[in-house]
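1. can't give you the sequence, but here's the structure:
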């Protein structure tokens, strides 16, 4: 059930049977030599749609800008400041809580969103914590690639070439979604990154844009999207949706 | 050309032939007894897509939350604070300007966005104005219903029943876009609003949500969407796109 | 009754008979070759004073800085950021509401203030809307030139030469108020502006200061203040006050 | 020379002979049983006007709201948050600096403004300090009662009954300015405050409004405005202007 | 070399041999039935001191408040909003960068600080990324428990009883630092947490304070500090310092 | 009783016998040719510790960064923006008030903190003042050098050479605290400052950093720390603690 394609009466009826809602969290940034700029938003939205359909959950409109300052050296990237993203997430949560929603599940497609999302949650809960009362409101941010079957599958399919950005997994999903649109990525692998780099820059914890472009001139960050194909994408998508349904239902049942 | 479905190299190539970009500006709020919550975003996006296609313009992803606090009394409305919307528009503009875009055209579908958008422009230009230099950067916000042919057509089709919110025009467009989804609106007209009300509350300059729901219990604000049909919608959509193309091209040519 | 010249006991007594208050909203910016930098504040204050006197309304001190970044290329302009003006209007409203005021009428003299004022209202109402309760608090911003008799009169007197900034109407009012101070404006008309310009830049929706000065080197924006005289000013002032009294009283009676 | 009553060309000419400007800093708050709510702004403006006239200085429009939260328990007080006042002072300074002003002299009439003014200066200078360059920009905030002759005179005239708020000095000045408007204050003195109170609450460093009204039910804070008369006011005004001229000139000559 | 105990000339001299600096990042919050409220700051500071000494690095004063809203239900917890912590980290970085520091290493002792720290880095780099230039400035936040030898050791020593908060590892370190002060923790283990809880609440991504106290009434979150002793603490401290030296040196050498 | 070295149960017990808490307020900035960068924080913390011990008061962790933009021209200075310091003080106060603390005593060691601290208090009280209720919450900021015995002693010991920054008093205290660390200051006095300078720049109301370094090249601002010795420091420390105990107790007893 898509919020944008529903009436307010339908949402009112939905609230009688569920207090949960799903919000896709994307980004709008370069995704390597062949990847789509919308990759993160497209993947998060597709998975969230599948989840909403199977779990009979309400799907809110996606947040399409993410915190992606490090990619501003590549044409087309539009980055939200962390402070803007925090404010926007606060507005989603406060508006939804106003109607009685109590479980807000952000299905995330961009590592750089994790810090702002968690910071937003801290300050939202903090208002209740200072006031002293207890709230039934819960937020969760879940990146699709950390869902257990997906995580296993992407390692099996691509091993270390999954890398960090413009990953074969996400490119594969866009190939499944838009087969005509995604050109094949180069067959030559990118520079291999040491494990320390992945650890230290997890959550897209990268430096400034000019440094980032110097270090990753075609936009691939240790990832080899040339290994991806649409069939991988379809399998990853299915795995992600199946896992997300379980995860979302567990979240709904939390006390 | 859709930014989300392009690669960064394609955007780089686009910038060699144009400095313009189109951003749909929507909202996520109740639209009366039968209207879709996403109506404002859906209309703005559809018109902006048509514009981008015909004018060979780049289409950025839509801003789907608008400033819609007055509709928070109706389930499903998600409202951005004016301050959040200002910050988000600043991020769009600064990111796009970083790549060399100089004409940023916001195709607007929600009256309540006009004040925040213009306030954002003031503070963006203000940074240049205080620094002293001159910038080639230009922003415009254009609501589709003020485009001349659309404005004429909606008055011809619906007269005063166009009203202010959940208008037959916007509902007609969603009927054209999603014929299966939009149920017919009630045939009984809503309460008729005096001209003074329209003047004083233009730009969705409404009061608080509880007052708004008291005054407009089914969400129609002087509008009679029961008069709309999909054929109206198709004609309005066509008129809006045709006008927007002219308007956008004029904007590009400004000095 | 002027707030600044009253005691707190007098305001307490006033609140027993009225919940309304008038706040002039001005600006401090260049007004063409002969106009006073304070023109917007002076006009708004004079009209608001007349209104307060005739309607037995309380007059709060004026907001003298407006959002006028586009005029920073001319010496003497002092511009408030939109965000500052929003904060200041919030402080006016919250303080006045604390005492029991429920109808706050901003008599506006500067187009660039409309967006920040409306954005401030959105976020003020939004606090109530998120909390869920209903408030009796109402704000209105009314530019004096849109009052019906004034609007008619200024078109009759000056036609298209009314223009956008340093208008003959506002200059005439300052001539009536300060006959000794306002030098006659040049008799040569400024560059004539196309109707599109007026439409697209309504609400002083102008570009950066250096561009603005390039385009309007003496500060007149399609206006021909050389047509103004003090007698026009007196008539406009009278019309504005008379209309504002009616408008304010209607506002007081809103439910 | 009043900025509001000047043209931009006159300000441009002024800047060729001086880089200084005077800004009155007032407040809008209760001033005891007979004092005017505008007392702080009226006093600061009158002294600043005298200063500007004698020193051939430019006079900017006053800031009429001060940080006066502690007086919100008395009808009519309008208080700016410290954060708003900081933003507004920043806008004054940045706008004036844009035109080449280098000495900005805030003539202050309200103790509660000192902390926000100084905090604003810190963050304004801080921008230059972080950037690394040197600026010729200087701000000063001077309360009129600390000018040496005024300080001496008010102690001679009123001794300890000068107190902290609704002081006989400020009330006397408004009596000189508006003889018809200011009713005589009660002849009974208020509660006498211990020296520790004055020390600990200097700069209007008071508690919340309800506590303040509990402790000072008629608004006098250790002050006995019943001792004031218009003649005192005229002498204090003259002393303040004379001292301010000297002080301002010294400020202009700083390196 | 401790910044607080150095002169500015000594820092100037230091900058000739190094561009690195270490900042401990702590928190001030309950740490279970026997743990010290300052545990996070004490551990981070002790490790950072050891690191600074061995690596000849400059040690800046610690940030003692962390983002700890979920612990506000326990007396003594002082929590910084995420937005405050972001601002404070920005001030550290901008001030240090002003002097020429280029490698700022935050040694972290509280999971809840990770999101605000990373969000702060995003917005700091983002300023450079929007401006377009390249910066040599690098920030890193490293939690001591993720250093490889520490991570191994704490698993060996405490297995799953390491838990999330008031961990035996951190309590052990405070026992080593303040043997007289830390009372033994209860010998009865706390409620065991499922792996899903640890995954979903990593980074102290907890709910509001009243919920948190309901779920963890004595403040232990799956941790069994009763297993800790001072000897463990000494070993963990040594391991953390040794690893941090290596990690910091690698960071210094990044390009 | 040190908060950082207490458990939450101990704080809970403390709250049964007292509602007061002491927070040292320091700064991290150059202190002349021989002074320690941490001087302000070290002095404030040492005095606050003595106070807490003798008055059986709870001691919160110090705020170590102050508003010190004017010293950014000297290596090692880390300055908090006034706005950051305001936010941080708000977090201290709101967190402590959450637990029932009602008297929050900031023992201050840096003049530049006074404006931000008072501005923070204004906005904290202002929230209660707008809401309308009364609060028992009280904050005080007390600089140790204004305590009466200290003020007398430092004038007796150093006369005018006390000056403004890197004062012999504060350097003496650090000599008493860290005898091995503080090198003797130059025996040549600095440039003598006129009384006007001290008056106009009280509260460290200085200009930008580059100007400040130009005017005070070795960091002494009219102060002659070469007159200080550890014995002076011990006496000043004792006087400060004794006075602070009295002052704090009086504060606790306020209604």
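-> Yes, it's here. The structure displayed is predicted, hence computed values, not measured ones. Residues are numbered from 1 along each chain as shown, chains lettered A, B, ... in the order given.
2. list the helices and strands the top helix by length along chain A packs on?
-> Criterion DSSP state H: the longest helix present in chain A is helix A:230-253. Secondary-structure packing of helix A:230-253 (3 or more Cβ pairs under 8 Å, 6 or more residues apart in numbering or on different chains; DSSP states H and E): strand A:20-25, helix A:39-54, strand A:103-108, strand A:138-143, helix A:148-158, helix A:168-177. Quick note: C-beta positions are derived from backbone N, CA and C, even for glycine.
3. what angle do strand A:103-108 and it make with each other?
-> Angle between the axes of helix A:230-253 and strand A:103-108 is 160 degrees (criterion: axes from the mean of the first three to the mean of the last three Cα atoms, to 10 degrees).
4. list the buried residues in helix A:230-253.
-> Of the residues in helix A:230-253, A:230, A:232-233, A:235-245, A:247-248, A:251-252 count as buried by neighbour count, 16 or more other Cβ atoms under 10 Å in any protein chain shown.
5. so, low pLDDT: which residues of the stretch 101-250 of chain A?
-> By pLDDT under 70, the stretch 101-250 of chain A has no low-scoring segment.
6. close to chain E: what parts of it are there?
-> Within the stretch 101-250 of chain A, the positions near chain E by Cβ under 8 Å from any Cβ of the partner chain are A:112, A:114-123, A:125-126, A:128-130, A:132-135, A:137-138, A:140, A:196, A:200, A:203, A:205-211, A:214, A:250.
7. counting only strands, which of the residues you listed make the cut?
-> Applying DSSP state E to these, the entries found in strands are A:138, A:140.
8. residue A:184: what's it in contact with?
-> Neighbouring residues of residue A:184 by Cβ atoms under 8 Å, 6 or more residues apart in numbering or on different chains: A:34, A:226.
9. would you mind giving both backbone torsions of it?
-> Main-chain torsions, residue A:184, degrees, to the nearest 10: phi -60, psi 140.
10. residue A:187 now?
-> When read as degrees, to the nearest 10, the backbone of residue A:187 gives phi -80, psi -20.
11. can I assume it is in contact with residue A:228?
-> No - with contact defined as Cβ atoms under 8 Å, residue A:187 does not count as touching residue A:228 (11.4 Å).
12. follow-up on the earlier one: and the contacts of the longest helix of chain A?
-> Residues outside helix A:230-253 that contact it (Cβ under 8 Å, 6+ apart) are A:18-20, A:22, A:46-48, A:50-51, A:54-55, A:57, A:103, A:105, A:107, A:138, A:140, A:142, A:144, A:147-150, A:153-154, A:157, A:168-169, A:171-177, A:179, E:196.
13. got the residues of chain A near chain C?
-> Residues of chain A lying near chain C (Cβ under 8 Å from any Cβ): A:94, A:95, A:98.
14. got a winner among those for most neighbours?
-> Of all the residues of chain A next to chain C, residue A:95 has the most neighbours under the rule other Cβ atoms under 10 Å in any protein chain shown, reaching 27 neighbours.
15. you'd agree that residue is up against residue C:129?
-> No - using Cβ under 8 Å, residue A:95 makes no contact with residue C:129, being 9.2 Å away.
16. intersection of neighbour lists for these two?
-> Residues within reach of residue A:95 and of residue C:129 at once, by Cβ under 8 Å, 6+ apart, are B:72, B:79.
17. whichever residue of chain A sits closest to chain D: how many residues sit nearby?
-> Closest residue of chain A to chain D, Cβ to the nearest Cβ: residue A:83 (16.0 Å). Counted with other Cβ under 10 Å, residues neighbouring residue A:83 total 23.
18. buried among the contacts of helix A:230-253? Make that a PyMOL selection.
-> In PyMOL syntax, the buried subset of these is picked out as below (16+ other Cβ under 10 Å):
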select buried, chain A and resi 18+19+20+22+46+47+48+50+51+55+57+103+105+107+138+140+142+144+147+149+150+153+154+157+168+169+171+172+173+174+175+176+177
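19. not counting its neighbours along the chain, what's nearest residue A:182?
-> Distance criterion Cβ to Cβ, 6 or more residues apart in numbering or on different chains; nearest residue to residue A:182, sequence neighbours excluded, is residue A:175 at 4.8 Å.
20. which residues sit in contact with the one you found?
-> A:182, A:228, A:229, A:230, A:232, A:233.
21. do that again at 10 Å, thanks
-> Counting by Cβ atoms under 10 Å, 6 or more residues apart in numbering or on different chains, residue A:175 makes contact with A:34-36, A:168, A:181-185, A:225, A:228-234.
22. how much space is there between it and residue A:184?
-> 9 Å (Cβ to Cβ, to the nearest Å).
23. for residue A:162, same thing?
-> For residue A:162, the distance to residue A:184 (Cβ to Cβ) stands at 18 Å.
24. and what of residue A:84?
-> 35 Å.
25. swap in residue A:210?
-> Counting by Cβ to Cβ - residue A:210 and residue A:184 are separated by 29 Å.
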